[in-house]
Structure formats: structure tokens, C-alpha cells
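S.K.: mind folding the following:
(2 chains)
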Amino acid sequence: MIRTRELTKDFVVSRTRTVHAVRGISLDVEPGELVAVLGPNGAGKTTTLRMLTTLIPPTSGTAQVAGYDVVTHPDRVRAAIGYVGQGGAGGASQRVRDELVTQGEIYGLDRRTARGRAGELLEALDLTEQADRKIESLSGGQKRRLDVAVGLVHEPSLLFLDEPSTGLDPHNRANLWEHILRMRTAAAEPMTIVLTTHYLDEADTFAERVIVVDNGQVIADDTADALKAELAGDLVTLRVAPDDAAALAAVAERAPGTRSVRVVPESGASSVAIRTVDGPGATPGLLRAADAAGLAVSRVDVARPTLDDVFLGLTGRSLRETGVDGSGAGPAETGAPTGATDELSTDGSEPTKKEVLA
Amino acid sequence: MSAATVSPDLTPTSAAAARQLPRRSFLRDTRIVLVRELRPVVRDPFSLVFGLVQPLVFLGLFGPLLAGSAGGTLGGDVWLWFVPAVLAMTTLFGTSVTGSNLQLDLSSGVHERMLVTPLSRPAQLVGRALKEMVPIIAQSAVVLLVMLPFGLRPDPIGAALTLLQLAVLGIGVGSLSYALALAVRKQEWMFWVVQQTVLFPVMLLSGMLLPLETGPAWMRAVSSVNPLRYVVDSGRAAFAGDVLSSAVAWGWVAAVATAALGLAVGVRAMIRSTD
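M.R.: Numbering: from 1, shown residues only, chains lettered A, B, ... in the order given. Alright, predicted model coming up:
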């Protein structure tokens, strides 16, 4: 459905400065896939999407979308794809239904068919009550659903979503996704969806495949679970008396599946943080080994890794820290407010963990 | 593609069939854009009232001054001299700001949405520009009706032709305004700087408010390259009944030339409007 080879895009900012926004991206997306392109702001996600949707020409490299080259056959590509951009698709003074009818006509439907299709989409996306309202009067969630409806008018086989849920509250975000996934399966052949996001949980929950982009390049590409297992691993934290911490760390080092061990001193007790391939599977063995060594473990936490851990493992930076303003400031100076699981951090910020045992 | 299947289960209907039809018509695309642009105007005609404030202010507060001070030099009916100028002014002000509508669409995702569709890019400009004709004719007609009780008695054919000529002029000015919006899309505030800088010289050098004949020679020389001046002169001649005069002919030349230039510049800007 998508095939790019060494796709690049440079933006000439001034005579002396050129920004290499995309530096050689080669991608293959098969029909029916749901792919999230994840990365901090400024990573080149949107630029890549804009090339794939024919909005800007590549500087070099090739891209075939829906079977056609984006440079030589942009009209073929445009006819085949749906696009939901970052901005709102509906004109403020237009009415909801009118915009959908217009969009249908743009794609070659006659007026009657376009009206029928608009009615279907209004119903499918819960906008029937708003059909005759001006778009400027809609709520944020309603507007975003309209954007999706506009992108789906011609039943595209491939849908691009650029930061689809930015600015929506969690409730509206979940609601939007419910609609997107329903539309995807309602199609005769499952629609291919490519979305960009900097929301970790969005990529984690909805995408079947995650492509991590940083600095204009693909740095990882797999399912979220595989990425997490390969590049981060689970975090098991055992609490013991301070005197026993070093001994427990040595035990943990020898345990199968252990990748790294770190001792975190705490008041009155010490925590031994163990990165391991399979946390829930490794924990019983760790506890037995600790018991055999005469070490009394008072508390166990097992945390599954997040995609942020993956990004951190790949780049040494946290997405939460770099994702805010796109300045690409590199490792941020302070810990993330939500406490990303982070072995490199020196402030000992605790990850959100699932408590297993008290 | 005529099989209009309204199925709630979203099976691929004629939309999928339409995808097989890459043939597009420029006229159809232009009509789609034109109809879309006109919808808010037709649905909410009250928005046109705003554009009527300015001409009515000038007619009410400047017209009497003109009659008092320059009435003698104008010879004949002051309204026949001033009303066509006010209509040209309304056209100029209304269409020169229309690029700001496109600015809204540029800053939201509307323009981008259109660019990702197969819709012809020239049609996206032409459809928008043609829409300018509607407010011009509607507002001008209202001004004429309002002025009838105050003694305006234009030649009916001349007045109708003048409205048409202004509409053609408006296509050109509107296109230039869109082109400006596209050209300065990375510094939006520049739009108003350029628009205001150009607007007032063009207006004053058209002889709209006061006769250029009483001005210095250099002003008359500069005004001879101002298309608006020919349109204003044409309107005055036509309102007075000289529909077949050379002034009217030159007015048409100026209006058509402005439209042609505007469309050429605008279409070029639209095609280049992506990155």
C-alpha cells in the first residue's frame, strides 16, 4: 500500500541553513495494516506524511502510495487516499452536512449520491444532530469526528491521520478511536491506516505496528509488544534492607533474562531495580533465589515497559521530555512529571507500577 | 455511478466506482468550489449588510459635502457622478479583503484538505474569484435602490452594465487578494500591510472622491495607469446614459485586463501553494 525508498526532505531555511527534516526513510506498509508513526515533535513524522499525501514533493528518494508514485501521478494518489490533517477540515461558516456533500462531489459523486454518503457518515460518526449546524459551533470532539468523516467520504483504501487526537480530552479521544476503528472494519476490505502521534498510549493501544522516528530517520519498526520486549523489557523492583541490597543485586544479575540491575537507595530500605525480558515470569524465580540466599524481600513491583522506555532505550532521551516543543533539546534536565520508568535518571523518580505483593 | 445506494452498513457503493474515473472537468471543479463559497453567503445573507455600511456612510456623510463644495465644477447631477464611484469603492474594499477568508482556510486545515483531493488547483482559485461577483452585484443593487428616493436617476441599461463591469473587476481584485494571501502565508500580518498600502493610493488615484481634473498633472499621469480610474469613469458615463462612449469601452478593457491579470497571478500562486 505504501512503499518508500530513501525518502528525504530538506527545507532551505536560509542561504546558510538547511533543515534535513527527513533523512532517508524506507518503509513498506501492507494493505490492511494499522501503523503508528511515533516520535517527538520535529522528528519528521508530519513531513513524511505530507510527502506521502502529495502535499510536498520529496527532495530525493521515491514513494509509491496506493500503487502510484507521488511525484509522477499525484492525482491517482489523491483519488485513492483519505487524509485527516492536524488542522480542522471544515470551514467555520460552512454547515456540517454541506461540507460532506461538497467533499463527495469533489471525489466525483453526483449530488444525490454525495448526499446519501454524507447521511451515512453523519450517522456513523454520531453527527446527525449537528448536520445543519455551522462548523464553528461544534465542540472539539465533534469537529474532529467531522474531520474524520471528511477524510472517509470516498471510502479510501488508505487513510492518513496526522495527530488525530491532539487537543482532545481522554474521553473524546477514546470516542474518536472507537469511531475510527469501527469505520475501519466496516469497510469491505480493512482500511489501511497510517497515523502520526506523539501520544505513547495511542500508539500502544491502537496501532498494530509502531514505527519510531527520530531525527528524520526510522529507528525502530515492529509491534509495540515486540519493541517493548526487545528494546526495553519489564522492570522488577524488589525492596530489601539496605545491607542486603548489594547481595540481592548480585543474585539478580545471575537470574535468567536479566538485562541490567540497579540499586536505588531509599529511606530505611533499598530497592533493586531489575530490567528483565519477562517480569511476571522472572519474579517467582528471583524471589526463590533471594530466599535461598537468605535475603528478605519486603516488597515486589512489576512494571511493564512503555513505548517511552523503548524510545529512551533507543535514543537516551525520553519522548515525554522531548515531545513538548520540538526543539529537540536532547536529554531534558529534569525528570518527567509523570515519572517515566527510567534507569538513567538520577533523581530516582519512581515509575508507575503495578503492585504485585506487599 | 448513478446508483445511489444509501446503505447504513457502509458497503462500498458508488464512491468506490468513482475512484475508477480519473477524468475531471475544470468547469465542474470550479462549480464545486463556487457553490461551496457561495453557501455561507446565501444561507446567511445578513453578512452582506456589513459591506453596505461603508458605501452608505460615504453617500450620507460625504455626498452632501461634495454637492456643496464641488457641485458646481462637476456639472449636472452630483449623484450620477458620485454613486458609480461609491459602487467601485465598495467593490474595491470588499474584494481586496477577501484573501483573509483564504487565510482562515490556510491556518485551519481547509486548504490543505482541498489540496489532498484531486480537485483542480486552478479551479480552487477561479471558483473563489467568481464568487466575488455575487456580493458585488447584491450590494450595488441595494445601494442603487436606497439612492432612488434621494433623487438618483441613472440610465437603467448603463447602471446594469456598470454592475456587470464591477463584477468583472471584482474577479480580478479578488484573485489578487487571494494571491497575496497565498504569497504571505508564512507572515500572515503582511497581508494587511500590503492590502492597506495598495488600497488607498489606488482609491484616491481613481478620482473616486474628488475629480482628478482639479489635481496636479503628476496625479493625472499616475492615475492613467490605474485601471480603477477607467472603471470609475466608465460608470459615470454609463449612469449618465453614454453607454456606447469610449469611456465605457475603456472601462471594460480595464476590468477585463484586471480580471485576466488577477486570475493568472492567482492561479500561479494557488499551484505553488503547498510548501
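
S.K.: so where is the chain shaky, pLDDT-wise?
M.R.: No chain specified, so I'll use chain A. A:320-358 (pLDDT under 70).

S.K.: the intended chain is chain B.
M.R.: For chain B, applying pLDDT under 70 flags the ranges B:1-23, B:70-76, B:275.

S.K.: in it, which spans are strands?
M.R.: Counting by DSSP state E, chain B has no strands at all.

S.K.: so which residue of it comes closest to chain A?
M.R.: For chain B, the residue closest to chain A is residue B:109, as judged by Cβ to the nearest Cβ, at 2.8 Å. For glycine as for every other residue, the C-beta is placed from the backbone atoms N, C-alpha and C.

S.K.: does that residue touch residue A:83 like I think?
M.R.: No. Look at residue B:109 against residue A:83 with Cβ atoms under 8 Å: they stay out of range, at 9.2 Å.

S.K.: same drill for the two, tell me which one is more crowded.
M.R.: residue A:83 (27 against 21; other Cβ atoms under 10 Å in any protein chain shown).

S.K.: that one in helix, strand or coil?
M.R.: What DSSP: H, G, I helix; E, B strand; the rest coil gives for residue A:83 is strand.

S.K.: how about it, nearest residue that isn't a chain neighbour?
M.R.: Computed as Cβ to Cβ, 6 or more residues apart in numbering or on different chains, the closest residue to residue A:83 that is not its neighbour in sequence is residue B:116, at 4.3 Å.

S.K.: which residues are in contact with that neighbour?
M.R.: Contact analysis of residue B:116 by Cβ atoms under 8 Å, 6 or more residues apart in numbering or on different chains lists A:53-55, A:78, A:81, A:83, A:85.

S.K.: between those, which is closest to residue B:144?
M.R.: Closest to residue B:144 out of the contacts of residue B:116 is residue A:85 (44.0 Å), distances taken as Cβ to Cβ.

S.K.: now that closest one: how far from chain B?
M.R.: To chain B, residue A:85 is 4 Å away according to Cβ to the nearest Cβ, to the nearest Å.

S.K.: for the closest residue to that residue other than its chain neighbours, what are phi and psi?
M.R.: The shortest distance from residue A:85 to any non-neighbouring residue, by Cβ to Cβ, 6+ apart, is to residue B:109 (4.2 Å). When read as degrees, to the nearest 10, the backbone of residue B:109 gives phi -100, psi 10.

S.K.: still on that earlier bit, and the residue of chain B closest to chain A, what is it in contact with?
M.R.: Residue B:109 neighbours (Cβ under 8 Å, 6+ apart): A:85-89, A:147.

S.K.: how about a cut-off of 6 Å?
M.R.: Residue B:109 makes contact with A:85, A:87-89, according to Cβ atoms under 6 Å, 6 or more residues apart in numbering or on different chains.

S.K.: please apply the same query to residue A:8.
M.R.: Contacts of residue A:8 (Cβ under 6 Å, 6+ apart): A:22-24, A:59-61.

S.K.: now these: which count as buried?
M.R.: Neighbour counting over the contacts of residue A:8 (16 or more other Cβ atoms under 10 Å in any protein chain shown) leaves A:22-23, A:59, A:61 as the buried ones.

S.K.: wait, which of the residues you listed is closest to chain B?
M.R.: residue A:59 (10.8 Å).

S.K.: check the offset of the longest helix anywhere in chain B from the chain's centre.
M.R.: Identified as the longest helix of chain B according to DSSP state H is helix B:156-183. Mean C-alpha position of helix B:156-183 versus that of the full chain (Cα atoms, centre = their mean, to the nearest Å) differs by 4 Å.

S.K.: do stretch A:197-215 as well
M.R.: When distances are taken as Cα atoms, centre = their mean, stretch A:197-215 is centred 2 Å away from the chain's centroid.

S.K.: hey, C-alpha coordinates of that stretch in CSV?
M.R.: Output of stretch A:197-215 as CSV, limited to C-alpha atoms (Å, rounded to 0.1, in the frame of the first residue of the first chain):
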residue,chain,number,x,y,z
THR,A,197,1.2,10.6,17.1
HIS,A,198,3.3,11.7,20.0
TYR,A,199,0.9,10.1,22.4
LEU,A,200,2.5,7.0,23.6
ASP,A,201,-0.6,5.3,24.8
GLU,A,202,-2.3,6.0,21.5
ALA,A,203,0.3,4.2,19.5
ASP,A,204,0.4,1.5,22.2
THR,A,205,-3.3,0.8,22.3
PHE,A,206,-4.4,1.2,18.8
ALA,A,207,-1.6,0.5,16.4
GLU,A,208,-0.7,-3.0,15.2
ARG,A,209,2.7,-1.8,14.2
VAL,A,210,4.8,1.1,15.6
ILE,A,211,7.4,2.9,13.6
VAL,A,212,9.6,5.0,15.8
VAL,A,213,11.0,8.1,14.0
ASP,A,214,13.7,10.3,15.4
ASN,A,215,15.7,13.0,13.7
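
S.K.: many thanks, I have nothing further to ask.
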